[in-house]
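Trainee: Fold the following, please.
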Amino acid sequence: MLRARDAMDRAYAQPLDVPALARIAHVSQAHFTRTFRATFGETPHRYLQRRRVERAMFLLRETDRSVTDICFQVGFGSPGTFSRTFRDIVGRSPRTYRKEAAATSVPTCFTMAWMRPSA
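Mentor: You can find the predicted model right below:
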């Protein structure tokens with residue numbers, strides 16, 4: 001399970017699916033999904049989405065790249081899916097998040113701790 005999670009952390013922007021992750025973990029697809037959820041508290045798909053959103057949050061705070069560019073850079077296939085997933089996890093749209101983060105002038109380490117998305 002740790003190998004698969006590490007692979008998701010390293011290659012979050014790549015298209016990863018359950019069969020590929022199960023091969024990395026050397027287990028069947030069904031066993032992988034069940035065990036991953038029991039171990040980490042969320043499905044592999046949701047973990048990967050959250051990981052992508054965490055990276056997008058950093059890019060929205062620290063760069064001036066467009067939301068669409070960030071969407072594709074972190075591995076989402078469409079801006080609509082990115083915005084919907086971002087809003088589900090963070091609680092606000094990417095554009096709103098960027099505006100609020102720009103208004104906050106605290107060290108990044110505090111911002112990351114306060115704004116870390118929850119499962």
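Trainee: Please go through this protein and pick out the longest helix.
Mentor: Counting by DSSP state H, the longest helix found in the chain is helix 44-62.
Trainee: What residues of that helix count as buried?
Mentor: Under the neighbour-count criterion of 16 or more other C-beta atoms under 10 Å, helix 44-62 has 44, 46-61 buried. Just so you know, the C-beta spots here come from the backbone N, C-alpha and C atoms, and that holds for glycine as well.
Trainee: low-confidence ranges in the protein?
Mentor: 103-108, 110-112, 114-119 (pLDDT under 70).
Trainee: now the strands for it?
Mentor: Here the chain has no strands by DSSP state E.
Trainee: Pull up the gap between A13 and K99, please.
Mentor: Separation of A13 from K99 (C-beta to C-beta, to the nearest Å): 25 Å.
Trainee: Check F72 too.
Mentor: F72 is 21 Å from K99, by C-beta to C-beta.
Trainee: A56 now?
Mentor: 15 Å.
Trainee: now stretch 88-107: how far from the chain's centre is it?
Mentor: With C-alpha atoms, centre = their mean, to the nearest Å as the basis, stretch 88-107 stands 15 Å off its chain's centre.
Trainee: got it, and stretch 54-68?
Mentor: Stretch 54-68 sits 12 Å away from the centroid of its parent chain (C-alpha atoms, centre = their mean).
Trainee: Equivalent analysis for stretch 10-19, please.
Mentor: With C-alpha atoms, centre = their mean, you get 11 Å for stretch 10-19.
Trainee: Quick check: buried residues in it?
Mentor: Within stretch 10-19, the residues scored as buried using 16+ other C-beta under 10 Å are Y12, L16, V18.
Trainee: Just confirm Q49 contacts F86, I think it does.
Mentor: No - assessed by C-beta atoms under 8 Å, Q49 is found out of contact with F86, at 9.3 Å.
Trainee: Which parts of this protein are helices?
Mentor: Going by DSSP H, the chain shows helices at 2-10, 18-25, 29-40, 44-62, 67-73, 79-90, 94-103, 108-115.
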